[in-house]
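# Below are the sequence and a predicted model for it; my questions follow.
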Amino acid sequence: MRLTRAFPALFALLALWLAPPLFANGDSRPLEHIVIVWLKEPGKLAARERIIEASEVLTAIPGVVSLKSGRVVASERPIVDSSFDVALIITLENESALQAYLTHPLHVTLVEETLKPLVERIQVYDFR
């Protein structure tokens, strides 16, 4: 009978012991950081390739899990927006990693030295 009464308390303690990563920064699930880029000179292949190649440095930032980048795939389907030039998908460990990524010197340098000279517009989507 005592074990039956103690079980809910033991379960609650176990749940609290396993949960700290969830409470540390709000959510421990990976976060997707999507960056859509429109060039000052739309369609310029050299500029597209420069951004794709330069973005590889982002994988060296702590908290970055993966990086995918590429050029737009043109489409005639009305639901597809193929007006952009380059897209990046950066997967980060969590929201704290995103905050650190945004101010990391490698990211700041990429933005200042590569993106700003080449890019007309950037749209960002963050989700998990």
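Yep, that arrived.
# how many neighbours does the nearest residue to Q123 once chain neighbours are set aside have?
The shortest distance from Q123 to any non-neighbouring residue, by CB to CB, 6 or more residues apart in numbering, is to I36 (4.4 Å). For every residue, glycine as well, the C-beta is placed using N, CA and C. By other CB atoms under 10 Å, 17 other residues sit near I36.
# One more: L106?
Around L106 there are 14 residues (other CB under 10 Å).
# contacting residues around it?
57-58, 60-61 (CB atoms under 8 Å, 6 or more residues apart in numbering).
# quick one: which helix or strand includes it?
helix 105-110 (DSSP states H and E).
# next one: E76
According to DSSP H and E, E76 maps onto no helix or strand at all.
# where does the chain have low pLDDT?
1-27 (pLDDT under 70).
# do that again at 90, thanks
1-28 (pLDDT under 90).
# Using the three-state scheme, assign the residue nearest the centre of it.
Geometric centre of the chain, nearest residue: H33, 2.4 Å, by CA atoms, centre = their mean. Here H33 is strand, with the state taken from DSSP: H, G, I helix; E, B strand; the rest coil.
# which residues does the closest residue to it other than its chain neighbours contact?
Leaving aside its sequence neighbours, H33 sits nearest to I90 (CB to CB, 6+ apart; 4.3 Å). I90 sits next to 32-35, 58, 64, 66-67, 101 when contact means CB under 8 Å, 6+ apart.
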